[in-house]
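Novice: need a 3D model of the following:
(chains A, B, C and D, ligands or ions: 2)
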Amino acid sequence: MIKLKITIGYKEGVEDPEGLAVKNSLKLLNFGNVNSVKVLKVYEILIEDTEDAKKEAEEMCDRLLVNPVIHDYRIEMERV
Amino acid sequence: MIKLKITIGYKEGVEDPEGLAVKNSLKLLNFGNVNSVKVLKVYEILIEDTEDAKKEAEEMCDRLLVNPVIHDYRIEMERV
Amino acid sequence: MIERMDERYPVYRIRVRDMDESQLMEISKSMGLALNREEMLRIRSYFRDLGRDPTDVELQAIGQAWSEHCCYKSSKYVLKKYIVGIDAPQVYLVGEDAGVVEFDDDHVYVFKMESHNHPSFVEPYGGAATGVGGIIRDVLCMGAKPIALVDSIFFGRLDYPYENLQKGTKHPKFLFNGVVAGIRDYGNRVGIPTISGITYFNNFFLNNILVNVGCIGICKKDDVIHSRVNKVNENLVLVGGKTGRDGIHGVTFASKVFDREENVERTAVQLGNPIIKEPLIHAVLEAVDEKIVDGMKDLGGGGLSSVVGEMCLAGGVGAEVFLEKVPLKESNMAPWEIWISESQERMMIAVSDENLQKLMDIFNHWGLEASVIGRTIKEKVLKLYYNGIKVMDLDLSFITSGPVYCRPYRIKYPSQVILDTIPPEPSYNEIFDKIISHLNVKSKYSVFSQYDHEVKGNTIIKPLNGKIGMGTHSDASVIKPLENKYRGLAITSTSNPMLTSLDPYWGAMSIFDEAVRNLVSSNAIPHSMADNLNMGNPENPEVMGQLYEVARGLGEAARALGIPYVSGNVSLYNENNGVSIPPTPTLMAVGIVKDIRRVITTSFKGFGNPVYLINETRREMGGSIYYDILGIESHIVPKVNLVELREISSMILKAMGKRYIKSCHDISEGGLAVTLAEMSMGTGIGIDADISSIEFMRSDFKLFSESNTRWVVEIDRDYENEFLNLMNGIKIHKIGYLNDNGILRIRDGRRNIIKKDVEYIRDLWGGSIE
Amino acid sequence: MNNGGIRVAVLRMEGTNCEEESLNSMKNVGANSEYVHIRDLINGKKNIHDYHMLFFPGGFSGGDYVRAGAIFASMIKGPLLREIVKFIEDEKVVLGVCNGFQVLVELGLLPGIGGVMSEKPQAVLAPNISNRFECRWVYVKIEENNCKFIKYKKGDLISLPIAHAEGRFMLPLDREEEYLQDMIHKKQIVMRYADSSGNYSGYPWNPNGSIYNIAGICNEIGNVFGLMPHPERAFFRYQHPEFTINGGKNYGKNVFEGIMEYLNKKF
Ligand SMILES: Nc1ncnc2c1ncn2[C@@H]1O[C@H](COP(=O)(O)OP(=O)(O)O)[C@@H](O)[C@H]1O
Ligand SMILES: [Mg+2]
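Specialist: Residues are numbered from 1 along each chain as shown, chains lettered A, B, ... in the order given. Ligands and ions are numbered 1, 2, ... in the order given. Predicted coordinates for the structure are as follows:
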């Protein structure tokens, strides 16, 4: 089996209301030293062994998980 | 500055509807070899340098980011 | 050719006076102005006369003001000719950000519908969300409290093969899920119910989706705020979100043909922030209530540039603005960026010195930014400063004198060759199943159930009506806007790309007819509409021809019925790789419900009640779901008789007033068969129907024709005679009686055609559309 | 007391968006209700002890980012929790609807096993099993309960609207049975999702996958009540989806009337 780990976040310059809200809340909770908050999502996908896991992961991103206009993503793989 | 990376996921045994939904969608998209999907959330928090960043991160989890009934979390730190 | 004006700040002078045409066009392109040759020449000659060169800020401001979005340069003429200025006593105020119409003696309702097509295609989630955010501001800035949202959304078919997609284009499923999620997350978070809309699939929209969102609000007559400032020395206060680089050139973006390479400008993409909007609504309404707001307008396309220019122009004053006073998200923005940024969640308020502090206190209390960024002046010019440097000094009349084009048009009459293929008679039980599970007939439950359509507790008719656990589609949704009054508003949205693509004129009439039908079905008096015209590339004369025909159809219908368009929107350049979408007008229609306790819904109510079909059925199968499924072409589309529409509507309302009618549903996509099935599903009550009394034709035409101006009504059995007397002179056909065995049975005389369990139909109709 | 009548604070912050109908519901049963921004409580401009009831309304407080109700709860936990505990010990009323219920659970005020509040949450309202926001009407059946102001009788079947994405009531897996039995024993379970005939069924009748079909619970004392359905949207019969069929029912009103009766008697 292969474990794909796809990490997705907003591109630089896309303002994320969730990150902003978390940052503001943390500040109000007296974490005064918080500078910025970025929220990422990780999909850990277990697939059967295959030749081209990387390509498959990319296709998953393309079809379902990611919009390249606003998202950056990173794929990691590991045989398990 | 210190970059805290807090990764939050469901505890073993807690059903993850989003993971299931993604899995089903992937199957419908002909990724037949998908076995399971787990969704994690990552908060990347940039804070000013401090003595006890770890403790601070834990407190953030405790006070806002995590509900211990269903969540597990992991903290990573990096000086940037 | 370009010269820096100041060492410290990025401000430039552009030497347009010395440029030749190709250099001018180069400037238009490199600065993202989207102005054409004539427009650039006009700018050059203006500055030659003035004896100086413009700054980059000035050129950007002109680019914004002359964009299609802001000045309607291609459509103004057509709109004037047909759509606007329809005389009707209910109109209270038009021509501002949203239409204002009389609700009762003390109140007006305010509404508008707007497209957000291009941004939603590039980024479905953020595009749709900011569309909702923008339309809310349009209503809010009139001083009205937003009370409901509408979304009409159009995509390619969800079963389209991935392999056939154009490179770089996202699949309809991705776009659909993203758009619905964007509307859901924004609408639900800001707490305004999304109560009505359209969900439509057709490969017309594979490469250019449509997202039309509408908002309606309610306001005391005394509280209506104009989108203008007409006093000198007023403070211009920018409230709400901060200004960032996001959304720059969104407006000029909408004036261009869609071509992926060039237009994927990330800066035009925003996600919107409902958690700023929610308190912003409270704060603005509080200020309105305090009567300290002298003028207000939302920042939409064109940002500060448009809002200051338009408010001043409308009020007959000028303004001085100090750009360094604008609160920024990023510190290093250039003055021109600040001036035209389209960052979301911002409004401009004009307030006198005397009331300024009060206004600031209100926004402070809600934890929102509010900054005085300038003042109005007597001279009708716009003067802009940035840290002491004068970066703009232009006559308002020049900036706002955008070109108006009378573009060449060619009307392609579809009926030059009339095609009307007639299929062999089908197997009825089979074709019925296909029709009821057609993507555009199926239940849209999976969409509207994701929208909180009941927040605020005022939604009386919801998108789904009937018994809990069952339920069927409603024709219009009804809300109760005032706490202490039973008077209500019915809201519906209609469109039919199949018909408007075959025949823009009759298609437009059809969607008008459907809007009226939906309102009447709910016991609402049709009152006013907003039109949203989604069209292809206007530089193509055939597309302009379609615009003329659509506008002509809509205009004639509205005049005949006395129902005005009080606001609207034109979206042009819906084109991809040289293929324009078919003309797709969408309407948002509003009706008055005299007493919400008397609303009528589409679900069948009582065993033994007789059921009637109102008006004539014709073999007009062009554009029907039936022919779509069979893959058959016909140019014979449903026509509309406006006199009949007016008269029958008023008779039905009269019958409802006398309580003869227990349920009512109009006949639209899928024809009579679908209407009966939908009425059954609400409560699970079946019907024994006989269609032999309908005009003589083959049974499939009777059942699946989409002829206009028709309704099915369930009559209270105790009032059948009274109903018949009242409807004297109108063509009505008794269809049958409601039964108590949960079966939909249709025969044509002695011939049994369809027999289905209502629960079986629900399984087909109610399944997920994904 | 009763000189200023029964005073109700409808709490709000950015994104709570059901406060209007919440306020009206209490107003319409005779309470003297006002909106109170939590900022005014935190900075001491207003005092919760001036009220008889705290109403945590529905909505998307703080955008529901992080987790539904988490931001709201974290904002008031430090500065106000002790006061709220005293408020509860005074046997005043705390009501949380939908997002408000989520806040009460995040605060550790519900279920409140072993005390008025727990240091950490003992339960959670997790994402719906359908993984989507759902707005529709459901049936709930009333349990034998010790809530001080529920007038419905055990076994009553009523219908109410829901509108949430995170409503799946869950207890810690390792203590699920223990906590559940404890709650049952102490009659803390007030209402459970059921089908139209009153049977406890799975999805879609149980709209979110809550364990034991739990829709609403109260604390041990019976004066803190949280529920996912929206009684304030079922206050008038014309709000009911069957209004045009059978005249509809206003099942939600009863909840507010019960609260008024209790408070009037008590204070
Ligand atoms: N995108 C949407 N958003 C909200 N409501 C929708 C949406 N799509 C459809 N609806 C609702 O679903 C119901 C059925 O829609 P439709 O089939 O277009 O109506 P009709 O039966 O009048 O042709 C209507 O109440 C409509 O408002
Ligand atoms: Mg209809």
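
Novice: residue C:627 in helix, strand or coil?
Specialist: Residue C:627 falls in the helix class when you classify it by DSSP: H, G, I helix; E, B strand; the rest coil.

Novice: pretty sure it contacts residue C:637?
Specialist: No - taking contacts as C-beta atoms under 8 Å, residue C:627 lies outside contact range of residue C:637: 10.6 Å. Quick note: C-beta positions are derived from backbone N, CA and C, even for glycine.

Novice: who's more crowded, these two?
Specialist: residue C:637 (27 against 18; other C-beta atoms under 10 Å in any protein chain shown).

Novice: what's the spacing between the residue in chain A positioned nearest to chain C and ligand 2?
Specialist: Residue nearest to chain C within chain A (C-beta to the nearest C-beta): residue A:17, separated by 4.2 Å. Relative to ligand 2, residue A:17 is positioned 36 Å away (C-beta to the ion, to the nearest Å).

Novice: surely that residue is in contact with residue D:62?
Specialist: No - if you go by C-beta under 8 Å, residue A:17 and residue D:62 don't touch, sitting 10.6 Å apart.

Novice: what is in contact with the two at once?
Specialist: Residues touching both residue A:17 and residue D:62 (C-beta atoms under 8 Å, 6 or more residues apart in numbering or on different chains) are residue C:275.

Novice: between these two, which one's more packed in?
Specialist: Shown here are residue A:17 and residue D:62; by other C-beta under 10 Å, residue D:62 has more neighbours (29 against 23).

Novice: number of nearby residues for the closest residue to the more buried one other than its chain neighbours?
Specialist: Spatial nearest neighbour of residue D:62, chain neighbours left out: residue D:71 (2.9 Å); criterion: C-beta to C-beta, 6 or more residues apart in numbering or on different chains. Residue D:71: 29 surrounding residues under other C-beta under 10 Å.

Novice: would you agree residue D:71 falls within a helix?
Specialist: Yes - applying three-state DSSP, one finds residue D:71 inside a helix.

Novice: contacting residues for it?
Specialist: Taking C-beta under 8 Å, 6+ apart, we find residue D:71 in contact with A:21, A:25, B:64, D:61-65.

Novice: now the helices for chain A?
Specialist: Remark: helices assigned in chain A by DSSP state H are A:17-28, A:53-60.

Novice: nearest to chain D: which residue in the stretch 451-600 of chain C?
Specialist: Nearest to chain D, among the residues of the stretch 451-600 of chain C, is residue C:457, at 3.8 Å (C-beta to the nearest C-beta).

Novice: how close does that residue sit to chain B?
Specialist: 28 Å (C-beta to the nearest C-beta, to the nearest Å).

Novice: excluding its backbone neighbours, what's nearest that residue?
Specialist: Closest to residue C:457 by C-beta to C-beta, 6+ apart is residue D:21, at 3.8 Å.

Novice: list the residues that contact that neighbour.
Specialist: Taking C-beta under 8 Å, 6+ apart as the test, what residue D:21 contacts is C:456-458, D:232-233, D:235.

Novice: 7 Å - rerun?
Specialist: Residue D:21 is in contact with C:456-457, D:232-233, counting by C-beta atoms under 7 Å, 6 or more residues apart in numbering or on different chains.

Novice: quick check: the two most widely separated of those?
Specialist: C:456 and D:232 (9.9 Å; C-beta to C-beta).

Novice: the more surrounded of the two?
Specialist: Shown here are residue C:456 and residue D:232; by other C-beta under 10 Å, residue D:232 has more neighbours (31 against 23).

Novice: can I assume that one is in contact with residue C:455?
Specialist: No - between residue D:232 and residue C:455 there is no contact under C-beta atoms under 7 Å: 10.4 Å.

Novice: what do these two both touch?
Specialist: Listed contacts common to residue D:232 and residue C:455 are residue D:18; contacts here mean C-beta under 7 Å, 6+ apart.

Novice: can you get me a residue count around residue C:223?
Specialist: Around residue C:223 sit 17 other residues, with neighbours defined as other C-beta under 10 Å.

Novice: got a pLDDT number for residue C:36?
Specialist: Looking at residue C:36, its pLDDT is 88.

Novice: what's the burial count for it?
Specialist: 16.

Novice: thought residue C:648 was touching residue C:709?
Specialist: Yes - judged on C-beta under 7 Å, residue C:648 makes contact with residue C:709 at a distance of 6.2 Å.

Novice: show me the common contact partners of those two, please.
Specialist: Here residue C:648 and residue C:709 have residue C:615 as joint contacts, going by C-beta under 7 Å, 6+ apart.

Novice: now the angle from the longest strand anywhere in chain A to helix B:17-28?
Specialist: Longest strand of chain A, by residue count under DSSP state E: strand A:34-47. Put simply, strand A:34-47 runs at 50 degrees to helix B:17-28, going by axes from the mean of the first three to the mean of the last three C-alpha atoms, to 10 degrees.

Novice: list the buried ones in strand A:34-47?
Specialist: A:34, A:37-47 (16 or more other C-beta atoms under 10 Å in any protein chain shown).

Novice: can you put the residues you listed in a markdown table and add pLDDT and distance to chain C?
Specialist: Formatted as a markdown table, the buried residues of strand A:34-47 follow (pLDDT from 0 to 100; distance: C-beta to the nearest C-beta, whole Å):
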| residue | pLDDT | distance to chain C |
| --- | --- | --- |
| A:34 | 95 | 17 |
| A:37 | 96 | 14 |
| A:38 | 95 | 14 |
| A:39 | 96 | 12 |
| A:40 | 96 | 15 |
| A:41 | 96 | 13 |
| A:42 | 97 | 19 |
| A:43 | 97 | 16 |
| A:44 | 96 | 21 |
| A:45 | 96 | 18 |
| A:46 | 95 | 23 |
| A:47 | 95 | 19 |
